[in-house]
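# After the sequence you'll find the predicted model.
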Amino acid sequence: MTEAGSAQGAAKAPRMVRRERMLVLILLAVIPLSQIPIDAYTPAIPDMITELNTSSTLVQNSVSAYVLGMSIGLLPIGIIADARGRKPTLLVCLGILLVASLGCALTGDIYTLLALRFVQGLGGCATMVIVYAIAADSFRGARLTSISGLLGASWGLAPVLAPAVGGLLVQFVSWRGIFVLIAVLALVAAAVIFFVLPETLSADRRTPIRPREIGGVLAATLRRRIFVGLTLIFAVFASAQLMFGVVAPLLYETQLGLTPAFYGLIALLVGVANLIGELSTSYFATRISARMLGFAALVSFSLGAVILAVSGTLVGPHLLWITLGGVLALAGCGALCPLAYGLVMGLFTRNLGLIGGLTSAVCYLFVAVAMAAAAGLPDDSQAPLGYIYVGCAVAGFVLLALCLPRRVALPAGVPDATIA
């Protein structure tokens, strides 16, 4: 290589690093938009019941309507993004999120709100599935798993911070201001994506929408043991993570008599532990093996599960033991979820929107079942939650042992799942 060629290569390297950093920053800013519409407006539920002159059940079902829209939208939006490109698909979905959010802010009818929340979910889910597809377009191997950890941490900030912001808006503005804020965030994200984000899916890697071929790819993907195993790891521990948020308020407020504000501080502590787990995946993914990282996270989760089960059986509801068990368990969940998702996306080089949509759809199906199960748990002790967590730990051990051998890479000669 000539001196001029060496100089050009050296000049390109810093520019590439800057572009990668800018790409990651954009993805980190966009992904929380899938979760903020779930968490930001929960403090407004009492005011919404009064102003809309409706029942608490209907207002609470607006959360389910959003999640249902997400669940239904994940797979088709991933398929469209594989065919039409990441950038235009994401822009259209952000437009849907913006319009639906403004509609929620203006409506005075609960049934219109439910319909608009469903549409919100259809638009909001793209900020998760397409963001991960863009990451998988741009990074591979341990670097992709590391980026997945960062994305998980950014996504995990929403449940920690959004309720506090929503509470301030309810107190000083109105519950309608929360939906206006979501619309503004969608508009800002769309502007940044339009002007700054590059298209990461080249024309030669796009796949046409052919239902028969898509069905073939889905069938071939679901027959792959490692894909199914990693997806189940993601689903099991994402469900365990969200289950704590459903059960914990009853334990702290009903059984221990703590105020909602005090519980909010504890929830913040547990949420920080979850973020630490996610950031640990980002940090250690390029430094240690996925197997070591996965089993270390499982040890943390298992310790938390045992503490909850044993303390609930022997002592009953206790502030220290519930909090300690929750911190350890959710730190483990925080590390395992992005690890599994990143490894899933790293198995494929094409159809990444389809694969991400399928993985997320399976996860949300598990979450829906887990939330229904959590609603039926006895709320007089942390023991039932602990025993469920012990079962999750056993399942996680088996799945990790099957999916994380010494190397996760595909054997030579094994074809990737693609659409011809």
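Sure thing, it's come through.
# Give me the three-state assignment for residue 287.
Using DSSP: H, G, I helix; E, B strand; the rest coil, the structure places residue 287 in coil.
# Would you mind measuring from it to residue 146?
9 Å (CB to CB, to the nearest Å). C-beta coordinates here come from the backbone N, C-alpha and C atoms, glycine included.
# so what secondary structure elements neighbour the helix or strand that contains residue 191?
Using DSSP states H and E, residue 191 sits in helix 175-195. Judged by 3 or more CB pairs under 8 Å, 6 or more residues apart in numbering; DSSP states H and E, the packing partners of helix 175-195 are helix 3-30, helix 36-39, helix 45-51, helix 86-106, helix 141-172.
# Of those, which stretch is the most buried?
helix 36-39 (a mean of 24; mean count of other CB atoms under 10 Å).
# Now do it: distance to the chain's middle.
The chain centre lies 12 Å from the centre of helix 36-39; the measure is CA atoms, centre = their mean, to the nearest Å.
# counting contacts, what elements does it pack onto?
By 3+ CB pairs under 8 Å, 6+ apart, helix 36-39 packs against helix 56-84, helix 110-124, helix 141-172, helix 175-195.
# and residue 397, which of those helices is closest to it?
helix 141-172 (20.0 Å; CB to CB).
# So which other helices or strands are in contact with the closest one?
Using 3+ CB pairs under 8 Å, 6+ apart, helix 141-172 is in contact with helix 3-30, helix 36-39, helix 126-138, helix 175-195, helix 260-284, helix 319-346.
# any idea of the mean pLDDT in it?
Across helix 141-172, the average pLDDT comes to 77.
# Next, the angle helix 175-195 makes with that helix.
Per axes from the mean of the first three to the mean of the last three CA atoms, to 10 degrees, the angle that helix 141-172 makes with helix 175-195 is 150 degrees.
# Can I get the helices and strands packed on helix 175-195 in JSON lines including distance to residue 363?
Putting these into JSON lines (distance: least, CB to CB, whole Å) gives the following:
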{"stretch": "helix 3-30", "distance to residue 363": "19"}
{"stretch": "helix 36-39", "distance to residue 363": "14"}
{"stretch": "helix 45-51", "distance to residue 363": "25"}
{"stretch": "helix 86-106", "distance to residue 363": "19"}
{"stretch": "helix 141-172", "distance to residue 363": "12"}
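# closest one to residue 319 among the helices and strands packed on helix 36-39?
Short answer: helix 141-172, nearest of the helices and strands packed on helix 36-39 by CB to CB, at 19.9 Å.
# Okay, now the unreliable bits of the stretch 1-150 of the chain?
1-13, 42-43, 45-46, 56-57, 60 (pLDDT under 70).
# please redo it, this time with the cut-off set to 50
1, 7, 9-11 (pLDDT under 50).
# go on, the stretch 151-300 of the chain?
Judged against pLDDT under 50, the stretch 151-300 of the chain has no low-scoring part.
# can you rerun that using 90?
By pLDDT under 90, the low-scoring segments of the stretch 151-300 of the chain are 151-175, 178, 202-225, 238-275, 278-279, 281-283, 285-289.
# for the helices and strands packed on helix 141-172, which one sits closest to residue 113?
Of the helices and strands packed on helix 141-172, nearest to residue 113 by CB to CB is helix 175-195, at 9.4 Å.
# Centre of the chain to the helix or strand just after the closest one, how far?
Under the assignment DSSP H and E, the closest C-terminal helix or strand after helix 175-195 is helix 211-222. Between the centre of helix 211-222 and the centre of its chain there are 24 Å (CA atoms, centre = their mean).
# List the buried residues in helix 211-222.
Across helix 211-222, burial judged by 16 or more other CB atoms under 10 Å covers 214, 217, 218, 221.
# Please report the number of neighbouring residues for residue 404.
23 (other CB atoms under 10 Å).
# any idea what sits nearest it, other than its immediate chain neighbours?
Take residue 404 and drop its neighbours on the chain: the residue closest to it by CB to CB, 6 or more residues apart in numbering is residue 291, 4.2 Å away.
# returning to that earlier point: just the buried positions in the helix holding residue 191, please.
175-183, 185-187, 189-190, 193.
# contacting residues around it?
Helix 175-195 is contacted from outside by 26, 29-30, 33, 36-37, 40-41, 44, 47-48, 51, 87, 90-91, 94-95, 97-98, 101-102, 104-106, 120, 123, 127, 165-166, 169-170, using CB atoms under 8 Å, 6 or more residues apart in numbering.
# who's in contact with residue 275?
Contacts of residue 275 by CB under 8 Å, 6+ apart are 153, 156, 157, 160, 334.
# let's go with 6 Å and repeat that
Shown in contact with residue 275 (CB atoms under 6 Å, 6 or more residues apart in numbering): 153, 156.
# Please apply the same query to residue 124.
34, 37, 97.
# Which one of those is nearest to residue 278?
Nearest to residue 278 among the contacts of residue 124, counting by CB to CB, is residue 34 at 15.1 Å.
# Is there a neighbour count for the closest residue to residue 345 other than its chain neighbours? I'd like the number.
Using CB to CB, 6+ apart and skipping residues adjacent in sequence, the residue nearest residue 345 is residue 136, 4.0 Å away. Number of residues near residue 136 (other CB under 10 Å) recorded here: 25.
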